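**Q** Fold the stuff below for me.
(one chain, ligands or ions: 1)
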Amino acid sequence: MNYKILDMKFHGDARGHLISAQKDVNCPFDIKRIFYIFDTKPGVARGAHANRNSEFLLIAINGSCKVKIDDGTKTEIVSLDSPSKGLYLDKMLWKEMYNFSYNAMLLVLASTLYDETEYIRNYNDYVKEVSKK
Ligand code: TYD
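**A** Residues are numbered from 1 along each chain as shown. A predicted model of the protein is given here:
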């Protein structure tokens with residue numbers, strides 16, 4: 001499955017920590033967009049879609065959440081529970097984020113500008129489309 005868990009290096013000194021994401025250092029794509037998900041209500045799942053063109057790097061910069069990743073044939077679950085843990089997701093993976101802790105802040109870096117037409121929001125449509133590849 002085309003995802004990777006990345007160890008985002010801490011740069012720290014007596015003042016505290018800093019973590020950077022940079023193309024070809026610890027982010028495998030050109031970053032065109034960022035968004036962040038926060039104040040997620042208890043029991044809520046987000047995502048539940050696939051993107052035909054976008055690659056993403058997800059980092060729980062505060063708190064934690066889980067990510068269910070599905071490639072149409074199998075499912076894996078990754079826990080994001082540290083600001084030093086990055087989850088790279090390739091194009092055309094179905095993903096769902098859930099189990100957000102109180103105060104979770106999920107930062108998402110994306111390889112594309114936002115384009116609703118690249119989203120597949122119906123799981124059956126996704127399975128059909130990914131199985132043709
Ligand atoms: P949505 O795709 O439902 O979020 P999730 O990733 O949790 O599935 O997006 C929520 C709203 O935000 C929707 O109206 C589209 C808008 N949006 C943007 O305008 N730009 C973006 O980069 C993203 C990710 C969403």
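
**Q** List, one by one, the residues from the chain near the ligand.
**A** The chain comes close to the ligand at residues 33, 35, 46-47, 49, 114, as judged by CB under 6 Å from any ligand atom. Using the backbone N, CA and C atoms, a C-beta is placed for each residue, glycine as well.

**Q** and of the residues you listed, the nearest to residue 102?
**A** Comparing these against residue 102 with CB to CB picks out residue 46 as the nearest, at 15.6 Å.

**Q** Surely residue 7 touches residue 82?
**A** No. Look at residue 7 against residue 82 with CB atoms under 8 Å: they stay out of range, at 9.6 Å.

**Q** So what's the residue count around the closest residue to residue 23 other than its chain neighbours?
**A** Counting by CB to CB, 6 or more residues apart in numbering, residue 23 lies nearest to residue 30, which is 5.6 Å off, once chain neighbours are set aside. With neighbours defined by other CB atoms under 10 Å, the count for residue 30 comes to 10.

**Q** which SSE is residue 30 in?
**A** Remark: residue 30 resides in no helix or strand, with elements defined by DSSP states H and E.

**Q** Ramachandran angles for it?
**A** Here is the backbone geometry of residue 30 (degrees, to the nearest 10): phi -70, psi 120.

**Q** what number of residues lie near residue 34?
**A** Residue 34: 11 neighbours (other CB under 10 Å).

**Q** who's in contact with the nearest residue to it once chain neighbours are set aside?
**A** Among residues not flanking residue 34 along the chain, residue 109 sits closest, at 5.4 Å (CB to CB, 6+ apart). By CB atoms under 8 Å, 6 or more residues apart in numbering, the residues touching residue 109 are 21, 27, 31, 33-34, 56-59.

**Q** I'd like the next helix or strand past the strand or helix carrying residue 60.
**A** Per DSSP H and E, residue 60 falls inside strand 56-62. Using DSSP H and E, the helix or strand that directly follows strand 56-62 along the chain is strand 65-70.

**Q** Since that was my last question, I'll sign off now.
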